[in-house]
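S.K.: My questions concern the predicted model and sequence given below.
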Protein chains: 2
Amino acid sequence: MKAIVHVGLKPGVLDPQGKAVADTLGRMGYDEVKGARIGKVIELDLEGVEAGQEEARIKEMCEKLLANTVIESYRYELVE
Amino acid sequence: MKAIVHVGLKPGVLDPQGKAVADTLGRMGYDEVKGARIGKVIELDLEGVEAGQEEARIKEMCEKLLANTVIESYRYELVE
(Lines give C-alpha, C1' and ligand atoms only; values in the text may rest on other atoms or scores of the structure.)
Protein backbone atom coordinates (compact mmCIF):
# COMPACT_ATOMS: atom_id res chain seq x y z
CA MET A 1 0.00 0.00 0.00
CA LYS A 2 1.12 3.51 -0.76
CA ALA A 3 0.14 6.83 0.73
CA ILE A 4 0.54 9.89 -1.46
CA VAL A 5 0.74 12.98 0.74
CA HIS A 6 0.48 16.44 -0.84
CA VAL A 7 1.83 19.30 1.25
CA GLY A 8 1.54 22.92 0.17
CA LEU A 9 1.68 26.39 1.64
CA LYS A 10 -1.66 27.72 2.82
CA PRO A 11 -3.21 30.47 0.71
CA GLY A 12 -1.80 33.83 1.74
CA VAL A 13 1.54 32.43 2.91
CA LEU A 14 4.38 33.94 0.91
CA ASP A 15 6.15 31.43 -1.36
CA PRO A 16 9.60 32.85 -2.17
CA GLN A 17 10.65 29.72 -4.06
CA GLY A 18 7.54 29.97 -6.23
CA LYS A 19 8.17 33.66 -6.81
CA ALA A 20 11.76 32.93 -7.88
CA VAL A 21 10.51 30.35 -10.39
CA ALA A 22 7.83 32.68 -11.79
CA ASP A 23 10.26 35.61 -12.07
CA THR A 24 12.90 33.46 -13.74
CA LEU A 25 10.42 32.05 -16.26
CA GLY A 26 9.35 35.63 -17.02
CA ARG A 27 12.96 36.65 -17.64
CA MET A 28 13.38 33.64 -19.90
CA GLY A 29 10.59 34.96 -22.12
CA TYR A 30 7.65 33.01 -20.73
CA ASP A 31 5.54 36.10 -20.16
CA GLU A 32 2.37 34.03 -19.83
CA VAL A 33 3.50 32.87 -16.35
CA LYS A 34 1.79 35.16 -13.83
CA GLY A 35 2.68 33.24 -10.69
CA ALA A 36 3.89 29.94 -9.30
CA ARG A 37 3.37 28.01 -6.08
CA ILE A 38 5.53 25.08 -5.11
CA GLY A 39 4.43 22.13 -3.02
CA LYS A 40 5.74 18.73 -2.02
CA VAL A 41 4.50 15.24 -2.71
CA ILE A 42 5.63 12.55 -0.30
CA GLU A 43 5.05 8.98 -1.44
CA LEU A 44 5.19 6.52 1.46
CA ASP A 45 5.51 2.76 1.04
CA LEU A 46 3.49 1.10 3.76
CA GLU A 47 3.45 -2.51 4.86
CA GLY A 48 1.59 -4.24 7.62
CA VAL A 49 -0.68 -1.42 8.73
CA GLU A 50 -3.56 -2.67 10.82
CA ALA A 51 -6.72 -2.64 8.70
CA GLY A 52 -8.85 0.41 9.41
CA GLN A 53 -5.93 2.26 11.01
CA GLU A 54 -4.35 3.58 7.79
CA GLU A 55 -6.10 6.94 7.68
CA ALA A 56 -5.54 7.71 11.34
CA ARG A 57 -1.84 6.79 11.15
CA ILE A 58 -1.20 8.84 8.00
CA LYS A 59 -3.03 11.81 9.47
CA GLU A 60 -0.84 11.59 12.58
CA MET A 61 2.36 11.43 10.48
CA CYS A 62 1.24 14.53 8.58
CA GLU A 63 0.46 16.48 11.75
CA LYS A 64 3.63 15.43 13.58
CA LEU A 65 6.26 15.44 10.84
CA LEU A 66 5.30 15.83 7.21
CA ALA A 67 3.50 19.17 7.29
CA ASN A 68 4.07 22.31 9.29
CA THR A 69 0.41 22.96 9.94
CA VAL A 70 0.98 26.57 10.94
CA ILE A 71 1.76 27.49 7.34
CA GLU A 72 1.08 24.34 5.33
CA SER A 73 -1.99 22.33 4.47
CA TYR A 74 -1.95 18.68 3.45
CA ARG A 75 -4.11 16.05 1.85
CA TYR A 76 -3.44 12.38 1.19
CA GLU A 77 -4.64 9.44 -0.85
CA LEU A 78 -4.16 5.77 -0.13
CA VAL A 79 -3.52 3.60 -3.19
CA GLU A 80 -3.47 -0.19 -3.91
CA MET B 1 -5.41 28.54 -17.04
CA LYS B 2 -3.16 26.60 -14.72
CA ALA B 3 -0.43 24.10 -15.37
CA ILE B 4 0.31 21.57 -12.65
CA VAL B 5 3.82 20.22 -13.11
CA HIS B 6 4.95 17.17 -11.13
CA VAL B 7 8.70 16.69 -10.83
CA GLY B 8 10.25 13.66 -9.17
CA LEU B 9 13.51 11.78 -9.05
CA LYS B 10 13.83 9.03 -11.64
CA PRO B 11 13.65 5.47 -10.34
CA GLY B 12 17.06 4.38 -9.12
CA VAL B 13 18.21 7.88 -8.19
CA LEU B 14 19.02 8.07 -4.50
CA ASP B 15 16.59 10.26 -2.53
CA PRO B 16 18.33 11.28 0.72
CA GLN B 17 15.48 13.57 1.77
CA GLY B 18 13.00 10.71 1.34
CA LYS B 19 15.29 8.39 3.26
CA ALA B 20 15.52 10.89 6.12
CA VAL B 21 11.73 11.12 6.28
CA ALA B 22 11.27 7.33 6.22
CA ASP B 23 13.95 6.78 8.88
CA THR B 24 12.50 9.48 11.10
CA LEU B 25 8.97 8.08 10.83
CA GLY B 26 10.41 4.68 11.74
CA ARG B 27 12.08 6.11 14.83
CA MET B 28 8.81 7.80 15.77
CA GLY B 29 7.14 4.39 15.90
CA TYR B 30 5.62 4.26 12.42
CA ASP B 31 7.18 0.90 11.59
CA GLU B 32 4.81 0.39 8.68
CA VAL B 33 6.75 2.98 6.64
CA LYS B 34 9.21 1.05 4.47
CA GLY B 35 10.33 3.91 2.27
CA ALA B 36 9.57 7.41 1.10
CA ARG B 37 10.22 9.40 -2.07
CA ILE B 38 9.77 13.13 -2.24
CA GLY B 39 8.79 15.11 -5.30
CA LYS B 40 7.73 18.64 -6.18
CA VAL B 41 4.53 20.05 -7.57
CA ILE B 42 4.78 23.39 -9.33
CA GLU B 43 1.49 25.14 -10.00
CA LEU B 44 1.83 27.82 -12.68
CA ASP B 45 -0.77 30.52 -13.33
CA LEU B 46 -0.86 31.17 -17.05
CA GLU B 47 -2.50 34.01 -18.95
CA GLY B 48 -2.56 34.83 -22.61
CA VAL B 49 -0.89 31.71 -23.98
CA GLU B 50 -1.47 31.35 -27.69
CA ALA B 51 -4.07 28.63 -28.26
CA GLY B 52 -2.48 25.34 -29.20
CA GLN B 53 0.91 26.43 -27.86
CA GLU B 54 0.31 25.58 -24.19
CA GLU B 55 1.73 22.07 -24.21
CA ALA B 56 4.82 22.99 -26.18
CA ARG B 57 5.54 26.00 -23.92
CA ILE B 58 5.10 24.02 -20.70
CA LYS B 59 7.28 21.23 -22.00
CA GLU B 60 10.00 23.76 -22.81
CA MET B 61 9.78 25.31 -19.32
CA CYS B 62 10.15 21.84 -17.78
CA GLU B 63 13.16 20.95 -19.89
CA LYS B 64 14.90 24.30 -19.42
CA LEU B 65 14.17 25.18 -15.81
CA LEU B 66 11.68 23.17 -13.79
CA ALA B 67 13.20 19.71 -13.99
CA ASN B 68 16.77 18.51 -14.07
CA THR B 69 16.17 15.86 -16.71
CA VAL B 70 19.39 14.04 -15.93
CA ILE B 71 17.96 12.80 -12.64
CA GLU B 72 14.34 13.93 -12.64
CA SER B 73 11.26 13.07 -14.65
CA TYR B 74 8.24 15.31 -15.03
CA ARG B 75 4.64 15.28 -16.12
CA TYR B 76 2.08 18.04 -16.34
CA GLU B 77 -1.62 18.68 -16.58
CA LEU B 78 -3.36 21.77 -17.89
CA VAL B 79 -6.51 22.77 -16.00
CA GLU B 80 -9.43 25.19 -16.63
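M.R.: That came in fine, so what should we check first? Numbers count the residues shown, from 1 in each chain, chains lettered A, B, ... in the order given.
S.K.: Flag every buried residue along the longest strand seen in chain A.
M.R.: Identified as the longest strand of chain A according to DSSP state E is strand A:33-46. Of the residues in strand A:33-46, A:33, A:35, A:36, A:37, A:38, A:39, A:40, A:41, A:42, A:43, A:44, A:46 count as buried by neighbour count, 16 or more other CB atoms under 10 Å in any protein chain shown. All C-beta spots, glycine's among them, are computed from the backbone N, C-alpha and C.
S.K.: which residues pair with the first one across the strands?
M.R.: With DSSP bridges applied, residue A:33 shows beta-bridge pairing to residue B:46.
S.K.: Show which residues not belonging to the top helix by length along chain A make contact with it.
M.R.: Longest helix in chain A by number of residues (criterion: DSSP state H): helix A:16-27. If you take CB atoms under 8 Å, 6 or more residues apart in numbering or on different chains as the criterion, helix A:16-27 is touched by A:33, A:34, A:35, A:36, A:37, A:38, B:42, B:44, B:61, B:65, B:66.
S.K.: from those residues, which is closest to residue A:15?
M.R.: Distance to residue A:15, by CB to CB, is smallest for residue A:37 among the contacts of helix A:16-27, at 5.3 Å.
S.K.: Tell me which residues touch that closest one, please.
M.R.: Contacts of residue A:37 were listed using CB under 8 Å, 6+ apart, and they are A:8, A:9, A:15, A:18, B:42, B:43.
S.K.: Hmm, residue A:46 is touching residue B:32, no?
M.R.: Yes - the pair residue A:46 / residue B:32 is scored as a contact, 4.9 Å apart, by CB atoms under 8 Å.
S.K.: Could you measure from residue A:67 over to chain B?
M.R.: To chain B, residue A:67 is 12 Å away according to CB to the nearest CB, to the nearest Å.
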